[in-house]
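*Asks:* whatever this is, show me its structure:
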Amino acid sequence: MFKLDSLIHKAKSSKFYLWVLNQGLDRMIPFNIPHGFRIMEISDTFIKTKLPYKRKNKNHIGGLHACALATLSEFTTGVLLLTGLDAKKYRIILKTLEVDYHYQGKMDAYASFRLSPEILEQEVYKPLEKADAVTFPCEVSIHDLKGNHLTTARVHWQIKAWTKVKTARK
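*Replies:* Model prediction:
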């Protein structure tokens, strides 16, 4: 069994391990299985994910469902954030999710998100030296295959050192 951080590292340079990562994430987050989210590309600072245009992701008028698009935004930012943070040291949990919908999706959609180590240092690590928790906003855009801008989401993650978490960790 692979550890997530090791698997993500291997997936950055191997299509096989990217496939294994996607399979593993399906098992770790079974709620997302019906959506069919896939990581298409991942590096230390960038991730691109896919929301397929299929029946389970459509709304009542045949467009991509608002909740599927919002969940892809959460998934995309969360996975890349986990690659930049040490999951053994820090807990991340969704605090707030805001989505602006610009265009109705009628084909596969792709989310892209960038995150630099410098931003993590400035906005997470340094503030955590003085605070128990920080709220870290991530902005992610989703476009369809033709380049139409479907959504802009602001995903606010609460980041806290596990040593500061008061609930039991299983």
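*Asks:* helices or strands next to the host helix or strand of residue 6 in the packing?
*Replies:* For residue 6, the host element (DSSP states H and E) is helix 4-11. Contact partners of helix 4-11 among helices and strands, from 3 or more C-beta pairs under 8 Å, 6 or more residues apart in numbering; DSSP states H and E: helix 15-28, strand 38-42, helix 66-84. To be clear about C-beta, it is placed using only N, CA and C from the backbone, and glycine gets the same treatment.
*Asks:* contacting residues around it?
*Replies:* Contacts with helix 4-11, where a contact means C-beta atoms under 8 Å, 6 or more residues apart in numbering, come from 2, 17-18, 20-21, 24, 28, 39, 42, 79, 82-83, 86-87.
*Asks:* nearest residue to the middle of this structure?
*Replies:* The chain has residue 76 as the residue nearest its centroid, 2.2 Å off, counting by C-alpha atoms, centre = their mean.
*Asks:* what's near enough to touch that residue?
*Replies:* Contacts for residue 76 (C-beta under 8 Å, 6+ apart) come out as 47, 49, 111, 112, 113, 140.
*Asks:* give the bridge partners for the first one, please.
*Replies:* Same thing as residue 47. For residue 47, the beta-bridge partners are residue 42, residue 113 (DSSP bridges).
*Asks:* between the contacts of helix 4-11, which sits nearest residue 165?
*Replies:* Among those, residue 87 lies closest to residue 165 (C-beta to C-beta), at 12.7 Å.
*Asks:* could you count how many residues lie near that closest one?
*Replies:* Residue 87 has 14 neighbours, counted by other C-beta atoms under 10 Å.
*Asks:* how about residue 150?
*Replies:* Residues near residue 150, counting by other C-beta under 10 Å, number 25.
*Asks:* sounds good, over and out.
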